[in-house]
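Colleague: sharing a model that was predicted from the sequence below.
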Amino acid sequence: MTSTIPRYKAIEDFLLERIHSGVYPVNHQIPAEEQLARDFAVSRMTANKAIRDLVQKGYLTRQAGLGTFVTDRKAESSLHEVLNIASEVRARGHEYSNDIIRCEALAADDEVALRLGLRLGGEVFHSILVHRENGVPIQLEDRFVNPRWVPHYLHSDFSKQTPNEVLVASCPISDVEHVVEAVLVDTQVAGWLEIDRTAPCLSVIRRTWSDEHLVSYARLIHPGDRYKLRSTLNRRR
């Protein structure tokens, strides 16, 4: 027994094929509901459902009085919050996974000692993970943690909990500092992120405190064509 594809799904598939192939690039205006209804011999309500579903999935955006346009579906994080990247990915309806590259104790060098407020040569916990969305690397997390505040950090199972989840469970975050810049990466990092060395990336230096305790210093590298950062400022009189 064969099943018939719902007509609205046929419209969705048509639009997605053109979005993924680049025929409809970012900011391209798609055909109007009336046009899609005529082309697929369906009601306007059916065409509306197809468009509405793709809007909800983040592929399209409606602009009042102008029409419906293809959106930039790069992964997105807020600069004002420290969110769990696994939760962000799953909230977009996508699959999260990671590669655990390193998990070790080190002697703090000049930079790490300065960033974490430790003495030079003091013990520091270090982890490197690559976070993936639908199998595609979207972030390299190179993190240093003060062992005093999270003594069990190296024994955590990062395949089940991200470093962020481990830290928040031990030391609720009270303050965060972000420094953002555009960078090019070395061959090793490019290999981990599965990008060309010439591809521009976003670097975020993040330090987090729990009350007065400086807990963690992380270098987060994002491929520029796969990620974006968002900042919102609300001014009230």
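Modeller: Noted; the coordinates are in hand. Numbers count the residues shown, from 1 in each chain.
Colleague: what packs against the helix or strand harbouring A10?
Modeller: Element membership for A10, per DSSP states H and E: helix 7-21. Judged by 3 or more C-beta pairs under 8 Å, 6 or more residues apart in numbering; DSSP states H and E, helix 7-21 is in contact with helix 33-40, helix 44-56. Any C-beta I mention is one placed from the backbone N, CA and C, and that applies to glycine too.
Colleague: and it, how far out from the chain's middle?
Modeller: Relative to the centre of its chain, helix 7-21 is centred 25 Å away, using C-alpha atoms, centre = their mean, to the nearest Å.
Colleague: output that helix as PDB - backbone C-alpha positions only.
Modeller: Taking Å, rounded to 0.1, in the frame of the first residue of the first chain, the C-alpha atoms of helix 7-21 are listed here in PDB:
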ATOM      1  CA  ARG A   7       0.200  18.500  -0.500                       C
ATOM      2  CA  TYR A   8       1.600  21.000   2.000                       C
ATOM      3  CA  LYS A   9       4.600  18.700   2.500                       C
ATOM      4  CA  ALA A  10       5.200  18.700  -1.300                       C
ATOM      5  CA  ILE A  11       5.400  22.500  -1.100                       C
ATOM      6  CA  GLU A  12       7.800  22.300   1.800                       C
ATOM      7  CA  ASP A  13      10.100  19.900   0.000                       C
ATOM      8  CA  PHE A  14      10.000  22.100  -3.100                       C
ATOM      9  CA  LEU A  15      11.100  25.200  -1.100                       C
ATOM     10  CA  LEU A  16      13.700  23.300   1.000                       C
ATOM     11  CA  GLU A  17      15.300  21.800  -2.200                       C
ATOM     12  CA  ARG A  18      15.700  25.300  -3.600                       C
ATOM     13  CA  ILE A  19      17.000  26.700  -0.300                       C
ATOM     14  CA  HIS A  20      19.600  23.900   0.200                       C
ATOM     15  CA  SER A  21      20.700  24.100  -3.400                       C
END
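Colleague: after the worst-scoring helix or strand of the chain on mean pLDDT, next one along is what?
Modeller: Sorted by mean pLDDT, DSSP states H and E, the helices and strands of the chain end with strand 75-78, the least confident at a mean of 58. Counting by DSSP H and E, the next helix or strand C-terminal to strand 75-78 is helix 85-91.
Colleague: check which helices and strands that following helix is in contact with.
Modeller: Using 3+ C-beta pairs under 8 Å, 6+ apart: helix 85-91 touches strand 75-78, strand 96-107, strand 123-133, strand 136-145.
Colleague: most packed of the ones you listed?
Modeller: Sort the helices and strands packed on helix 85-91 by mean neighbour count, taking mean count of other C-beta atoms under 10 Å, and strand 136-145 sits at the top with a mean of 21.
Colleague: for that one, which strands pair with it and how are they oriented?
Modeller: According to DSSP bridges, strand 136-145 has the following sheet partners: strand 123-133 (antiparallel), strand 213-223 (antiparallel).
Colleague: please parse this structure into its domains.
Modeller: The chain resolves into domains spanning 7-70, 75-230 when parsed by automatic domain parsing.
Colleague: residues contacting the nearest residue to E34 once chain neighbours are set aside?
Modeller: Spatial nearest neighbour of E34, chain neighbours left out: R44 (6.3 Å); criterion: C-beta to C-beta, 6 or more residues apart in numbering. Each residue near R44 by C-beta atoms under 8 Å, 6 or more residues apart in numbering is listed here: E33, E34, A37.
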